[in-house]
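Q: here is a sequence with its predicted model. Questions after.
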Amino acid sequence: MPLTAQFVRNLQRFRLVTFDVTDTLLRLKEPTKQYAETAEQCGITGINKAQLERCFRQQFKLMSRTHQNFGRCTPDMSWQSWWLQVVINTFTCMDASLSKAKLQTVAEQLLVIFRTSACWTHIEGATDFVQHVREAGKCVGIISNFDPSLHQVLSAMGFNDKFDFILNSYDAGVMKPDPAIFQLALQGLNIAPDQALHIGNQLDMDYTGARNSGWSSLLVQPKQPAPASAPEPGDPARHTYASLAEMLLALETQAIAW
């Protein structure tokens, strides 16, 4: 479908448009179910999925706090060993008597599976949105708090040739919302911060992080009830859309006040 004149005008000021990945372009397909199924294939039965879900969330938060950025900030810890430990800790939290050998096998299998299309699905409208931005002649990139397997995941999901660069937090050595990761994305491009737009799904990491770095930003997030009056300048609500499809439609049909 040809680009609308309004879409071109809305993006005219930008030379670079970047996207977050998880829950912006791609979504995990029932990760806890995948954990349980893989464990059962390795001989671990009787799994309480609700308890597994609670343990995963607890252990993921704990590992993220004690070994930040997928282990990047911990000497001698690789991102692979970080994820292996998350899996082992999750199942141990659920049942401390489980065989360590079996848990190691489960963790190693999950490390592979979660880098394939078996565990991911496209967000509706993501492919069209990225293609529209490319057709508008923009440099298109990824800025994501993710480990280095991000390239593999994007390739598995058919996004391997859609981006001019892919920047993950592990390789960058810094995570959103730190301005350093947004600055790093501009290096070598000769693009000023006010010529860059970031699109993501987290208010602090994506929307505020980009704006605090001198960028413009748009937020994909379920909206709260509409306020009685129009959003004030600086209010994220004026740049928040319930879906990528809704955001794309607005860019195609409405003048956006950046």
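A: It's in. Numbers count the residues shown, from 1 in each chain.
Q: helix/strand/coil for residue 151?
A: Classification of residue 151 by DSSP: H, G, I helix; E, B strand; the rest coil places it in helix.
Q: cool, residue 188 as well?
A: Recorded secondary structure, residue 188: coil (three-state DSSP).
Q: quick one, what contacts it?
A: Not one residue lies near residue 188 by Cβ atoms under 8 Å, 6 or more residues apart in numbering. Heads up, the C-betas are built off the backbone N, CA and C, glycines and all.
Q: now residue 218
A: Residues near residue 218 by Cβ under 8 Å, 6+ apart: 197-199, 207, 239-241, 247.
Q: buried sites along stretch 250-258?
A: Within stretch 250-258, the residues that qualify as buried are 250-252, 256, counting by 16 or more other Cβ atoms under 10 Å.
Q: also stretch 147-156?
A: So for stretch 147-156, counting by 16+ other Cβ under 10 Å, buried means 147-151, 153-154, 156.
Q: residues in contact with it?
A: By Cβ under 8 Å, 6+ apart, the surrounding residues in contact with stretch 147-156 are 21, 26, 70, 79, 82-83, 115-117, 120, 142, 144, 146, 160, 162-163, 166, 168, 170-171.
Q: try stretch 105-119
A: Outside stretch 105-119, the residues that touch it by Cβ under 8 Å, 6+ apart are 28-29, 31, 34-35, 38-39, 41-42, 44, 80, 83-85, 87-88, 91, 149, 152-153, 156-157.
Q: separation between residue 36 and residue 49?
A: With the distance defined as Cβ to Cβ, to the nearest Å, residue 36 ends up 6 Å from residue 49.
Q: of the two, who's got more company?
A: Comparing residue 36 with residue 49 by other Cβ atoms under 10 Å, the one with more neighbours is residue 36, at 19 against 13.
Q: that one reaches residue 46, doesn't it?
A: No - under the criterion of Cβ atoms under 8 Å, residue 36 lies out of contact with residue 46, with a separation of 10.2 Å.
Q: grab the longest helix from the protein for me.
A: Longest helix in the chain by number of residues (criterion: DSSP state H): helix 49-66.
Q: show me how far that helix is from its chain's centre.
A: The chain centroid and the centroid of helix 49-66 are separated by 18 Å, computed with Cα atoms, centre = their mean, to the nearest Å.
Q: that helix packs against which elements?
A: In this structure, helix 49-66 makes packing contacts with helix 31-41, helix 79-94, judged by 3 or more Cβ pairs under 8 Å, 6 or more residues apart in numbering; DSSP states H and E.
Q: that helix vs helix 31-41, what angle?
A: Computed by axes from the mean of the first three to the mean of the last three Cα atoms, to 10 degrees, the angle separating helix 49-66 from helix 31-41 equals 110 degrees.
Q: now residue 138. Nearest residue, chain neighbours left out?
A: With sequence-adjacent residues excluded and distances taken as Cβ to Cβ, 6 or more residues apart in numbering, residue 138 is closest to residue 17, at 4.9 Å.
Q: after the one helix or strand that neighbour maps to comes which helix or strand?
A: When secondary structure is defined by DSSP states H and E, residue 17 falls within strand 16-19. Once the chain leaves strand 16-19, the next helix or strand it forms, by DSSP H and E, is strand 26-28.
Q: what's in contact with that following strand?
A: Residues from elsewhere that reach strand 26-28 (Cβ under 8 Å, 6+ apart): 22, 114, 119-123, 126, 153, 157.
Q: endpoint to endpoint, stretch 63-80 covers what distance?
A: From its first residue to its last, stretch 63-80 covers 13 Å (Cα to Cα, to the nearest Å).
Q: for residue 177, what are its contacts?
A: Counting by Cβ under 8 Å, 6+ apart, residue 177 makes contact with 204-206, 208-210, 212.
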